[in-house]
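Undergrad: Below are the sequence and a predicted model; questions follow.
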There are 2 protein chains.
Amino acid sequence: MPQTQFPPQRLLLGPGPSPVPARVLEALGRPTVGHLDPHFLGLMDEVRAMLQGLFQTANEMTLAVSGTGMAGAECLMVNLVEPGARVLVGVNGVFGGRLVDIAQRCGGEVVTLEKPWGQVFDQDAVIERVKDLKPDVVALVHAETSTGAHQPLERIGKAVRKAGGLFVVDCVTSLGGAPVKVDDWHIDAAYSGTQKCLSCPPGLSPITLSPRAVKHIDNRQAKIPSWYLDLSMVRNYWGAERAYHHTAPVNMLYALHEALVLVHEEGLDARFQRHRDAAAMLWEGLADLGMSRWSDPDHSLPMLNTVVIPDGVDDAVVRSRLLHDYDIEIGGGLGAGKGKVWRIGLMGHGARKPVVTLVLAALREVLAGS
Amino acid sequence: MPQTQFPPQRLLLGPGPSPVPARVLEALGRPTVGHLDPHFLGLMDEVRAMLQGLFQTANEMTLAVSGTGMAGAECLMVNLVEPGARVLVGVNGVFGGRLVDIAQRCGGEVVTLEKPWGQVFDQDAVIERVKDLKPDVVALVHAETSTGAHQPLERIGKAVRKAGGLFVVDCVTSLGGAPVKVDDWHIDAAYSGTQKCLSCPPGLSPITLSPRAVKHIDNRQAKIPSWYLDLSMVRNYWGAERAYHHTAPVNMLYALHEALVLVHEEGLDARFQRHRDAAAMLWEGLADLGMSRWSDPDHSLPMLNTVVIPDGVDDAVVRSRLLHDYDIEIGGGLGAGKGKVWRIGLMGHGARKPVVTLVLAALREVLAGS
């Protein structure tokens, strides 16, 4: 007969989930109230306001989708990509590839831009392609969790808008750990996850949509293929109408609220600097161990570090020792990186000096013993 | 600046969420581990085994969808309804209507069976219609949360199977509070929610699919329109392959595991009896107050009770007093019941004698004062 199980206390340094602070876990376990309770509606309003701060946007349609990050990706695509729409997607890792798959399922005619894994797209090259193709939707991954590549975005959105399209950005891994300037960068729709740099458990996907994107939804011809993710209905629950759509994951929103209060207390600039400092310290230590980066050094994420596994080192053995002897999780490679790299996440609450010191010391011991 | 907010301690007697026991809240707040951590994979296996017990099925494809109950509904529909499929849906409340909407978005050609709200379908009448129409999919709501109607199902599935179709059942509100015999009743696919008779916070949708339903997914021609809910991929994460699909909502699954352990400790028969006893006690008290049932008395749910609001009583005032003076949430009417009925949920941990005593006493005081 199954019994209550208490989980081990891991140090989560993989591609997410990241370490969850005690305050957020405590918030998660608070008494559940109804999804139309005045207390909860007030909390939702604050979640929205704090997400607007984090996305650096005034977008009214800013909310948390009731699913994990990939539900957010699908939500934006099913709402914005109509059958026959021309969709330009940048593919330089797993998550760009997933956007292609999702856009195709929506009936989009997808054209890809490709780059070797670990590299980023040159903004001018993307802009040229946008001018030629005049796509209805352009989708890029800001933070490729499978490679550690950090895509520059600041000039692309303006060009997409000029060409009459909508600019969609995956910032699942960057939001809360590096700047995501939705308004300044002319991003029309962005989605993220809670379990990366927000250090909240997985289960929600923060999204934001520009007034242009909302107008597109209002004017679209084809019915939105998903009922659950139909923003023309979801927004009436997050908005003043408070119309029941589905039962919101109440406790997950308690946790997200608390995680956002923590971000607010720290301040965005200090938080981004902390992520950069932790990554710099990690790479100093990895260099001492003779290890090198997989992703383009000029365009690498601070919160997701891809390390080339040295010749002769057994990937699975090292990760298993870290997990079982040290309670440390680091990530294996994904897709083209499988068996070739480790992914060390220093996300949110994990981007701290003692954490980096410990993972470097543990890696040193394990590598010496292997 | 937003601050940490502690929610009020409500007694949740609406249509869900229901009262969450301390053990489940405590489980929810346990330390997050990775979604591929051996501890977590073991916990998922136990969740599946316990869900099989609850659904009274041997179906291998039994799991929790990473979204609320409506995500489970959509999951079954997008996987089982191909464009052009003939879908017969019973509509006698809000949730049947939603199944129509979702099936149509999947490209299904929907035929409805209709009944006044609060009534159920005669099984023979459904079987006759199935014989005539030979639908690809037949969908019925076992427990209509908007009306309190309790649909008999035990003979329909066999007829659907004989006619070559798949039988899909919404048991969001019944699972864990009344028998749902998936195998005995020849149900091919069923979906539920965690925030009703399982007394777990909202955020997951337990589903089960028969081998016939799985075969249908394997053989379908059209690509499944949803990536997030594509069971041909999701099953590889819940199955032996453990292939990464999306990051599971780890802490929500801790909570569901604990909620299922509680069900397991109590035993299904005792739990169903407790729900019947609580409802009987409630109706005895409501009769004393001169109040009557909206739904067909011979086919009413024990866990969701629709009470006709007496003439001259102000719906909003009574519910607001219960909430603010007693910290008790009961539900207002939905759809055709709006302003006409209250929905009193005695679900899971809420189906207990002291709870019924309190809500009756509070109602008596509020009605006397109004």
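TA: Ah, there it is. Numbers count the residues shown, from 1 in each chain, chains lettered A, B, ... in the order given.

Undergrad: in what helix or strand does the residue of the stretch 251-370 of chain A found nearest chain B lie?
TA: In the stretch 251-370 of chain A, no residue comes nearer to chain B than residue A:251, which is 4.2 Å away by C-beta to the nearest C-beta. From N, CA and C alone the C-beta is placed, and that goes for glycine too. Assignment of secondary structure by DSSP states H and E places residue A:251 within helix A:250-266.

Undergrad: next structured bit after that helix?
TA: Scanning the chain past helix A:250-266 towards its C-terminal end, the next helix or strand to appear is helix A:268-288 (assignment: DSSP H and E).

Undergrad: Quick one: list the elements packing against that following helix.
TA: Using 3 or more C-beta pairs under 8 Å, 6 or more residues apart in numbering or on different chains; DSSP states H and E as the contact criterion, the elements in contact with helix A:268-288 are strand A:304-308, helix A:353-369.

Undergrad: Around the residue of the stretch 251-370 of chain A closest to chain B, count how many other residues there are.
TA: Neighbourhood size, residue A:251 [other C-beta atoms under 10 Å in any protein chain shown]: 32.

Undergrad: Would you mind naming what in the stretch 51-200 of chain A lies close to chain B?
TA: Counting by C-beta under 8 Å from any C-beta of the partner chain, the residues of the stretch 51-200 of chain A lying close to chain B are A:66-71, A:73-74, A:78, A:98, A:101-102, A:104-106, A:193, A:195.

Undergrad: In helices, which of those residues fall?
TA: Restricting these to those inside helices, with DSSP state H as the criterion, leaves A:69, A:70, A:71, A:73, A:74, A:78, A:98, A:101, A:102, A:104, A:105.

Undergrad: need these in CSV with neighbour count, can you?
TA: What follows is these, written out as CSV (neighbours: other C-beta atoms under 10 Å in any protein chain shown):
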residue, neighbour count
A:69, 31
A:70, 23
A:71, 27
A:73, 31
A:74, 29
A:78, 27
A:98, 21
A:101, 16
A:102, 26
A:104, 17
A:105, 21
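
Undergrad: remind me which residues of the stretch 101-250 of chain A are low pLDDT?
TA: Judged by pLDDT under 70, the stretch 101-250 of chain A has no weakly predicted residues.

Undergrad: So which residues of it form strands?
TA: If you assign secondary structure with DSSP state E, counting those that start in this stretch, the strands in the stretch 101-250 of chain A sit at A:109-114, A:137-141, A:166-170, A:189-191, A:205-209.

Undergrad: Now tell me what touches the first one from outside.
TA: If I follow you right, that is strand A:109-114. By C-beta atoms under 8 Å, 6 or more residues apart in numbering or on different chains, the residues outside strand A:109-114 that reach it are A:84-92, A:96, A:100, A:103-104, A:121, A:125-126, A:129, A:133, A:135.

Undergrad: Likewise for the fourth one?
TA: By C-beta under 8 Å, 6+ apart, the list of residues contacting strand A:189-191 from outside reads A:55, A:65, A:69, A:72-73, A:75-76, A:80, A:142, A:166-172, A:175, A:180, A:182, A:205-210, A:213.

Undergrad: of those residues, buried ones?
TA: Buried subset of those (neighbour count, 16 or more other C-beta atoms under 10 Å in any protein chain shown): A:55, A:65, A:69, A:72-73, A:75-76, A:80, A:142, A:166-172, A:175, A:180, A:182, A:205-210, A:213.

Undergrad: follow-up on the earlier one: what two of the ones in helices among the residues of the stretch 51-200 of chain A next to chain B have the greatest distance between them?
TA: A:69 and A:104 (19.3 Å; C-beta to C-beta).

Undergrad: thinking again about what came up before, I'd like to know which of the strands of the stretch 101-250 of chain A is closest to residue B:219.
TA: The closest of those to residue B:219 is strand A:109-114. By C-beta to C-beta, the value is 26.0 Å.

Undergrad: Up against chain B, what does the stretch 251-370 of chain A have?
TA: Taking C-beta under 8 Å from any C-beta as the criterion, the neighbours of chain B within the stretch 251-370 of chain A are A:251, A:252, A:254, A:255, A:257, A:258, A:260, A:261, A:264, A:323, A:329, A:334.

Undergrad: of all those residues, which two lie farthest apart?
TA: A:264 and A:323 (33.3 Å).

Undergrad: Settle it for me: which of the two has more neighbours?
TA: When residue A:264 and residue A:323 are compared for neighbours, residue A:323 comes out ahead with 21 against 18, by other C-beta under 10 Å.

Undergrad: Make sure I have this right: the more buried one is in a helix.
TA: Yes - for residue A:323, which was evaluated using DSSP: H, G, I helix; E, B strand; the rest coil, the result is membership in a helix.

Undergrad: what sits against the nearest residue to it once chain neighbours are set aside?
TA: Nearest non-adjacent residue to residue A:323, counting by C-beta to C-beta, 6 or more residues apart in numbering or on different chains: residue A:329, 5.9 Å away. With contacts defined as C-beta under 8 Å, 6+ apart, the neighbours of residue A:329 are A:10, A:11, A:12, A:13, A:14, A:322, A:323, B:33, B:34, B:37.

Undergrad: State the distance from residue A:236 to residue A:301.
TA: If you measure residue A:236 against residue A:301 using C-beta to C-beta, to the nearest Å, the figure is 36 Å.
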